Every structure is written in C-alpha cells, then in structure tokens.
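>>> Sequence and predicted model, in that order:
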Amino acid sequence: MDGKIKIKGHLKFYMQWPVILSILLIVMDVLVFSVSVKAGTLVSIFLAAYILVVVFLYFHSKTMIMNELISFATQYGQVQKTLLNEFAVPYALLDYNGKILWMNEAFSTLTGKNKRYRKAVSCVFPEIAGDKLPKKEEKEVNIRYNERDYKAVMKSVSLKKLLEESGLVEMESHSDLIALYLFDETELNQYIRQKEDEKLVTGLLYLDNYDEALDSVEEVRRSLLAALIERKLGKYFSEVDCLLKRLEKDKFILVMRQKSLEELKKKRFNILEDVKTVNIGNDMAVTISIGIGLNAPTYAQSYEYSRIAIDLALGRGGDQVVIKDKDQMTFFGGKSQQMGKNTRVKARVKAHALREFMISNDKVIVMGHKISDVDSIGAGIGIYRAAKSLNKRAHIVVNNPTMSVRPIIESFRQNADYDEHMFINSEAAREIVDNNTVVVVVDTNKPSYTECEELLQKTKTIVVLDHHRQGSEVIKNAVLSYIEPYASSTCEMVAEILQYFSDDIRIYNIEADALYSGIMIDTNNFTAKTGVRTFEAAAFLRRCGADVTRVRKMFRDDVKSYKAKAEAIRNVETYKGSFAISVCPSEGIDSPTVVASQAANELLNVDSIRASFVLTDYQNKIYISARAIDEVNVQIIMERLGGGGHINMAGAQLPGISVNEAIRQLKETLDKMMKEGDIEA
C-alpha cells in the first residue's frame, strides 16, 4: 500500500511539518553548543528522542491516515452518487452512439423506464436522433413528451480524460460519454405562447370596387348594399374577437390579437369569397383587400407595416390579403381576375410626373428584364420616344437580344434616323448613369430581374412602369411607380402615357409597330387579358402608323423553332386530367423560352385543359411558362415556385435542378394547392 500510494498537494505539505521543525531544532542545538557544551549535550539527547518519535509516528500512522482518506473519499463519492440519483432534474448518461448507460430516479420516473433500460435514447425521445447528439460542443433540443415540453441539454464528456486524470488506466482511443439533462419548460412555453397570442396586430381593410358596385345598383338600394357589406364584415371579424372600425366609406381598420390572426389564417381568410355573395341586384360583386402588419417594434410601426401591406395588395390587383412580418410577405387569395377601370386619369397624372422628372434631368436610361421580350423592348422604345421629344439623351439597355426581339432592334439599327447607340449593354450603361439620370424600369418590378441591377444604386431618380403583380421583392426608393396588374401589357400603359405626355409628341411608324407588337404578343393576338383600354391603346397606335401585316411578318418563326414547338406539343403529359405539362427542346434553338411560351399558348386550345406548363432548360436554369384562360390562376402557382406574372400568364425560373426535378416540384405544388383549396380540383 505504501509503495503504491503517493501523497500530493496540501496533505503532503502538512505531513512534512515535523521534518521542518526537526531542522529548526537541530539549528537551535548547534547554537546552544556554542554557549554551553553541557547544555548542548542535554538538548541533543532530547532532540534525538524527538526525531525517533517523529519518524516512528510518520511511518506507523501513514498507512492508517491513507486508509482513513480512502474511506472518506469512498463515502464522499457515495454521497455524490446518492445526491445525483435523487437529483430533481432528470439526468442520464449516454454512450457516444446515444445508448442509455445510466439514469437517475427522476429520469426513470419521467420516462417510465426501468433503471436497467439500455436502449438508444431515440427510442424514448425520437427528437434526439443520431445527428442531434453532440460531438464536442453543447447541444440543446426541444422535445415534447407526455403532453409536456422539455429542453434537452446534452454535454460531451471525455472518458479518456477522466480515466487519465484518475491515474488508473490509459486509453489509446478517444471515447466520449454524453450527459443528458431534461428541463421542463411547459409552463414557460405556456406563458410565451400566451404572450404571443395577446400581441397586438393591426390591419387595414379596403373595399376594392365600392363605388363601381354601388353604381351598378339602383340608387334607393345603395345604402342597403353598403349596410349588408358592413354587417357581413362585422359579423365575420367579431367571431374571432377582432375589432373592425370604419375610417372612410370604403376603408376600415382592424385591431386584433395574434391568436385571432392565426384563426383567420386557418380559415384562409374565406371572407374574401364570402363578401362576394352579398347581392341585392348589383351587377358587380364587391371584393376586398386586407393588409396586416406583424412583429413591429412599436404600434406606430405596426400600422406602417399594414399600410405597406395594403398598398402591395392593391398593387397586385386587390381581392387578397397581404401579411407583412418584418421583411417577409405572406399572400392569401388573389385568385380572381383584376377589374380594369375605364378612367385614364391615373395615366394622365403619371405621364405629367414622368415628363417633369425627364425635364429636370439630363439623361434617360430605359431597361427591362433579363432575356428581354417584345413587351419589354416595345415599352422601352416608347419611353425612348418620350425622352427624345424633350431633346434628352436616351438609351435602352439590352444585353443579349433574343430571337423574338432581334427583328425590332435590327429595324432601328438599320434606320439612319436613330442613334447608333440607342441600344447599349450594361457595361456602357454603368458609365453613363449618374445623379442627373432618370432610370426607367419597364415590364418588371423586381430589381433582381432587371438587365443591370447596379444602375438602381447609381441614381436617385427611378421610375417603374409595369403590369405584373408585385411580390415581396420590389424596387425601393422609386420616385414614380406606375403598376397596373389589370393592364394587358406594359406597351399598353406606355401608349396611354404617350397620349398625355405632350401635345406635340410624334410617334413614328416603326415605333408604333414596336408598341403594337408588345400588346399583340402579351395578349396572344388580343385573345387574352384584353379590356376596353387595350383596344383604345391599339387604336391609338394604328392611328400613329402601326401596321398589323408588318408586325406579323416580324414575328414569324424559323423552322427549328417551329419544330421545337411541335415537339413540345407532341410530348405533352396530361396531369390530373386538366393540367398540360410538357418540355420544350432547347438545343439549337436561339430563344427556347419564347418557343416554350408559344407552345404553352397552343396547348390551351386542347379541350379539357385548364392550364398549361411548358418547361425548358436554358442557361443552367429551368424556365416554366404557365398559361390559362380563366379557370386557373397560374400566377399564384408560379409564386409558390418563386416566380410570378398574371392570373392567366405567368412564369418561374428554377436554377440548379434538372427538368425532371422541376416537373416533380410543379406536380407537388399543384397537389398541395388543390388540397388547400387554392385550386379547384
């Protein structure tokens, strides 16, 4: 025993005190000898006796002291084990694979398992799977067990280090234990949920077509229609403990708790459809738009969020709910066709504002979206003409002209009346744009879709003209934003603007052709998304010299494109009996995305097809062209896939995946939306 156990630390120092005292006594004895030999001899005798007694006691008592220490340590360890076993917090030891090695009484009582239970912890708590086990760092996992919430805290304990510190064994390989603690957070989570449920939520509710609906009913019954609408709204929101208060004749404010909002989400805001059932002879159904703000730091900011949300809902055409949660947007509804308004007052106001911005700046840069189409180029040419009528330097940004727009661009480049630098690329545009430049974005309202997003950061004067519904990504800080989702095309909007831009503006035949072609392509030869104003804009362009025959010749297909379109139609798959899904070949085709959109339009001529989706692989992305007539809202389908567009004409881009994977995602989206009721099965 003596040879194996070594004393260390404070105990060793304490045991050495008799030796230190012996040295002091020897020094004293030497000093006594120098004074008196007789006295020194006497002290030496007593000193020798003291040393003998110290040596005897040290070696005789060492074993007994060590045995007492070992006994104390054993009892102390047993006390620790007892305390840990009776610890109120459920505690367990796991091996590195998650197998339970030991558990205390609290853990055994909680799980109902015997203390000899030696299976994987995932058998008890499925949330603690193999990938959740800690390697070196501490990990926390929230679990639900027996209707209660627990936070599982897991710490890795090095078994090798513990054994090496004990001095008993050495391990050649690393092996870790995992200490698992369970903390009951049921009550805490209950208070947190209660706090979240009681959080204030504000919203704004607008009647989209209040005046138009009232005008469609007899004058004596208008007050009854208004009362019925308000009664239906009041009853619906009072059922979820929501306060509805009128601000103006067609505007209301909503105040509710977060819990009430969750109930409305579960109902998927079916008030959007219910309010349309109010009918006392009115020809036009009433629709509503709702904007809701969430998780703002202040009540004032919450109201501001709701105002931004309602603006976005109206900008997307109304008849929908937009929820703004900080930077995240959630959409409900928006399935009906937007109602166009016959009045062109807004177009006149926007035209005058655009004119003022152009007058106060030196240069005008127009750009559309990537992979420019006819509508984008045509609208850009219209804005170019407006700038030139004010003698401003103007350019249109086009990086890689597609087959569909190349004939238009070439017709201008071959015309000596136009500047050879009328069309420029992004690199040249970056050199031109400064704070004295108006940047006009046409046919898109998403900055990432523009030909050169960097231009938006180089000027303070940004104008947006678009006919697509807005999404969560928008161009910020635009001084003028004219977005009309009910318009057939951006060319239609620009044609209206040009009529009010200046009294003496002259639009040449070639420019009128470009604008007319944009309307014609986006409406599929005036068969889709056309209204009164569409034909009025076309008539204006005809008066300016647009020729239908020239436009038609300009957009004839080459043989390869025609064959690719035919191949897409030939290989069509009918999904769920009403959705046409096909793939358009892209190899050897100049502009496969254009051909795909043409094929999608053609597939709508097939009986029983409610919507068509044609995919094509182009520039390492899968492009989806979605088309419908009036039975399916393809815009909300494409939004689920990260795209957008119109109710009957939309698209999406899916980077980094194969065509088969894109088709799988499309089918899953269709299945989910039919299950949720967003698409009628």
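Perfect, thanks for sending it. Numbering: from 1, shown residues only.
>>> where's Val322 relative to Ala628, distance?
From Val322 across to Ala628, the span is 22 Å (C-beta to C-beta, to the nearest Å). From N, CA and C alone the C-beta is placed, and that goes for glycine too.
>>> for Asn435, same thing?
44 Å.
>>> where does the stretch 51-200 of the chain dip in pLDDT?
Scanning the stretch 51-200 of the chain for pLDDT under 70 picks out 60-81, 159-175.
>>> follow-up on the earlier one: quick one: which of Val322 and Ala628 has more around it?
The neighbour count for Val322 versus Ala628, taken as other C-beta atoms under 10 Å, is higher for Val322 (28 against 24).
>>> and for the helix or strand that one falls within, what are the contacting residues?
Assigned by DSSP states H and E, Val322 belongs to strand 320-325. With contact meaning C-beta atoms under 8 Å, 6 or more residues apart in numbering, strand 320-325 is reached by 261, 269, 272, 289-295, 305-306, 308-310, 312-313, 316, 329-334.
>>> Derive a PyMOL selection command for the buried subset of those.
What follows is the PyMOL syntax selecting those of these that are buried according to 16 or more other C-beta atoms under 10 Å:
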select buried, resi 261+269+272+289+290+291+292+293+294+305+306+308+309+310+312+313+316+329+331+332+333+334
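>>> Tell me the predicted confidence for the residue positioned nearest the centre of the chain.
In the chain, the centroid-proximal residue (C-alpha atoms, centre = their mean) is Gln328; its distance is 6.1 Å. We have a pLDDT of 82 for Gln328.
>>> Kindly indicate whether the closest residue to it other than its chain neighbours is helix, strand or coil.
Take Gln328 and drop its neighbours on the chain: the residue closest to it by C-beta to C-beta, 6 or more residues apart in numbering is Ser472, 7.0 Å away. At Ser472 the chain is in coil, as set by DSSP: H, G, I helix; E, B strand; the rest coil.
>>> cool, Val201 as well?
Assigned with three-state DSSP, Val201 falls in the strand class.
>>> Contact partners for it?
254-258, 260-261, 292-294, 302.
>>> now swap in Gly203 and tell me
So Gly203 contacts 253-256, 290-293, 306, 309-310 (C-beta under 8 Å, 6+ apart).
>>> In helices, which of the residues you listed appear?
306, 309-310 (DSSP state H).
>>> Domains in the protein, by residue range?
9-85, 91-193, 198-333, 345-554, 559-676 (automatic domain parsing).
>>> tell me how far the one helix or strand Leu25 maps to is from the chain's mean position?
Leu25 is part of helix 17-35 when elements are defined by DSSP H and E. Distance, stretch centre to chain centre, for helix 17-35: 85 Å (C-alpha atoms, centre = their mean, to the nearest Å).
>>> packing partners for that helix?
Packed against helix 17-35 by the contact rule (3 or more C-beta pairs under 8 Å, 6 or more residues apart in numbering; DSSP states H and E) you find helix 37-85.
>>> Kindly export the next helix-or-strand element following the helix it packs on (C-alpha atoms) in CSV.
Sequence order places strand 91-94 as the next helix or strand after helix 37-85, per DSSP H and E. What follows is strand 91-94 as a C-alpha-only set of coordinates in CSV (Å, rounded to 0.1, in the frame of the first residue of the first chain):
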residue,chain,number,x,y,z
TYR,A,91,-30.4,13.1,-15.8
ALA,A,92,-28.9,10.3,-17.8
LEU,A,93,-25.5,9.2,-19.2
LEU,A,94,-25.3,8.0,-22.8
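>>> Listing partners with orientation, what would you give for the longest strand anywhere in the chain?
The single longest strand within the chain, with elements called by DSSP state E, is strand 148-158. Partner strands and pairing direction for strand 148-158 (DSSP bridges) are strand 139-145 (antiparallel), strand 176-184 (antiparallel).
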